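Asker: need coordinates for the following:
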Amino acid sequence: MIDAREAIIRAHREEWARVVAALARRFGDLDIAEEAAAEAFAIGVERWPADGVPPNPGAWLTTTANRKAIDRIRRENKRVEKQKEAQVLSDDEPPEPLGAIDDDRLRLIFTCCHPALAMEARVALTLRMIGGLTMPEIARAFLVQESTMGRRITRAKAKIQAARIPYRMPSADDLQARVSGVLAVLYLIFNEGYLATGLDTDPVRGDLTAEAIRLTRLIRTLMPEDGEVAGLLALMLLTEARRTARISASGELVTLDEQDRGAWDSALVTEGHRLVRERLDTGMAPGRYQILAAINAVHTSARDIRDTEWSQVVALYNQLVSLDPSPIIALNRAIAVAELDGPEVALAIVNRLEVDLAGYHAYHATRADLLRRLGRSLESRTAYDKAIELAGNSAEAAYLSRRRDQLG
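Answerer: Residues are numbered from 1 along each chain as shown. Alright, predicted model coming up:
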């Protein structure tokens, strides 16, 4: 179950991001920033249900968190210089220059995606500190244990402090060096909204998908010539266009082959297709997000699942594998191969991914479907059981349970 503090953080996600970033810049310590922000939200959990949410939640949380941070520094009797600085700072200090980015949240994401950190660390740290995702949500996104992800984030914080990486707004010259990490963050936030990983949350979180699209549009304005920015925006739009058709009235996932394509958002599909064509017309070699967008363009161009150009989808996946030979890409490619060359060929590909994807529910769900199509019902049932056990989404678990129960 999601506790009350996490619920309030989600309801005020932007305030969480701003409080953490402001405290990090002020005290130069991410641990103090996150813990003080958490204390402020915990106080809000106690007071707001009875007293009501204050007119300016962000200011209330910032003031409360700032006091908690100062209290901690005093208690530890360390960081004397930081304590003196904190005592003279007040809420009426002049605002920090905006730099190249005039959106608060996007500025904070660019700030945290510092190139001195490994890409995985940048993404995980930013999701936690700015995106407001919980540790279990981030761990599931990376397919690792929660304890493993916790250690990675701790090491990233330690490196920031050891290297004295400044908490400053990026200049225009910084954008190109940081944009790949920012896009990775936004893609994961979008995916968490599109198929939320918490069984006790809504299966689809439109607040996250909408915010990821909004921020990606802003980056597109800042960097109109960047192909991967355009590719990610197109990918999000073509995926978002199908969102309302993906969950049935009973709360069950509706797969692509069963969706009512008339319920797709035609305006988003049109815009996504336009962005894909614009990138193709440049003649430049596409990146990962551009290829993923092209795959989605093929799917959303078909009026019926039977009209899908599967040979084109497989060709695009072949191109993507050369750029990103990850097991998840290989798994998605196998799903397309099943439509082109049959389930037996695809199953042989999927079985080779067991070592890498044994803890990933989609691996077992894919195996279950292929085994079902091959008439191997007992094996299929076992695979469905494992997929249901690992599924982190209520709508997906309901769909998998129904498919399992339909087996002879």
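Asker: now do the helices in the stretch 201-350 of the chain.
Answerer: Using DSSP state H, counting those that start in this stretch, the helices assigned to the stretch 201-350 of the chain run over residues 206-222, 227-240, 266-282, 288-301, 310-323, 327-341, 343-351.
Asker: helices and strands around the lengthiest helix in the chain, which ones?
Answerer: Assignment by DSSP state H gives helix 30-51 as the longest helix of the chain. Contact partners of helix 30-51 among helices and strands, from 3 or more C-beta pairs under 8 Å, 6 or more residues apart in numbering; DSSP states H and E: helix 4-11, helix 13-27, helix 57-76, helix 119-129, helix 146-162. Placement of C-beta: from N, CA and C, glycine included.
Asker: what strand or helix carries the residue nearest to the spatial centre of the chain?
Answerer: Central residue of the chain (C-alpha atoms, centre = their mean): residue 188, 1.7 Å from the mean position. With elements taken from DSSP states H and E, the one containing residue 188 is helix 175-194.
Asker: please work out the average pLDDT along stretch 300-312.
Answerer: Stretch 300-312 comes out with an average pLDDT of 94.
Asker: list the buried ones in it?
Answerer: Under the neighbour-count criterion of 16 or more other C-beta atoms under 10 Å, stretch 300-312 has 300, 308, 310, 312 buried.
Asker: my read is that the third one contacts residue 342, right?
Answerer: Read that as residue 310. No - using C-beta atoms under 8 Å as the test, residue 310 is too far from residue 342 to be in contact (11.3 Å).
Asker: are there residues contacting both of the two? Which ones?
Answerer: Common contact partners of residue 310 and residue 342 (C-beta atoms under 8 Å, 6 or more residues apart in numbering): none.
Asker: ignoring the adjacent residues along the chain, who's closest to residue 380?
Answerer: residue 371 (3.8 Å; C-beta to C-beta, 6 or more residues apart in numbering).
Asker: just list the residues touching the one you found, thanks.
Answerer: So residue 371 contacts 347, 377, 379-380, 383 (C-beta under 8 Å, 6+ apart).
Asker: quick check: the farthest pair among the residues you listed?
Answerer: Across these, the longest distance by C-beta to C-beta is 14.4 Å; it joins 347 and 377.
Asker: quick one: which of the two has more around it?
Answerer: residue 347 (21 against 14; other C-beta atoms under 10 Å).
Asker: who touches that one in this structure?
Answerer: Residue 347 neighbours (C-beta under 8 Å, 6+ apart): 338, 367, 370-371, 374.
Asker: ok, residue 261 next?
Answerer: 245, 303-304.
Asker: confidence score at it?
Answerer: 95.
Asker: tell me what angle the longest helix of the chain forms with helix 57-76.
Answerer: Counting by axes from the mean of the first three to the mean of the last three C-alpha atoms, to 10 degrees, helix 30-51 lies at 130 degrees to helix 57-76.
Asker: list buried residues within the contacts of residue 347.
Answerer: Neighbour counting with 16+ other C-beta under 10 Å marks 338, 367, 370-371 as buried within the contacts of residue 347.
Asker: next, format the residues you listed as TSV and append pLDDT.
Answerer: Listed next are these as TSV, based on pLDDT from 0 to 100:
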residue	pLDDT
338	97
367	98
370	98
371	98
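Asker: any chance of those residues in JSON lines, plus distance to residue 106 and secondary structure?
Answerer: What follows is those, written out as JSON lines (distance: C-beta to C-beta, whole Å; DSSP: H, G, I helix; E, B strand; the rest coil):
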{"residue": "338", "distance to residue 106": "39", "secondary structure": "helix"}
{"residue": "367", "distance to residue 106": "40", "secondary structure": "helix"}
{"residue": "370", "distance to residue 106": "41", "secondary structure": "helix"}
{"residue": "371", "distance to residue 106": "45", "secondary structure": "helix"}
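Asker: and of those, the nearest to residue 183?
Answerer: residue 338 (29.7 Å).
Asker: what mean pLDDT does stretch 161-180 have?
Answerer: 75.
Asker: first vs last residue of that stretch, how far apart are they?
Answerer: In stretch 161-180, first residue to last residue: 23 Å (C-alpha to C-alpha, to the nearest Å).
Asker: understood, closing this out.
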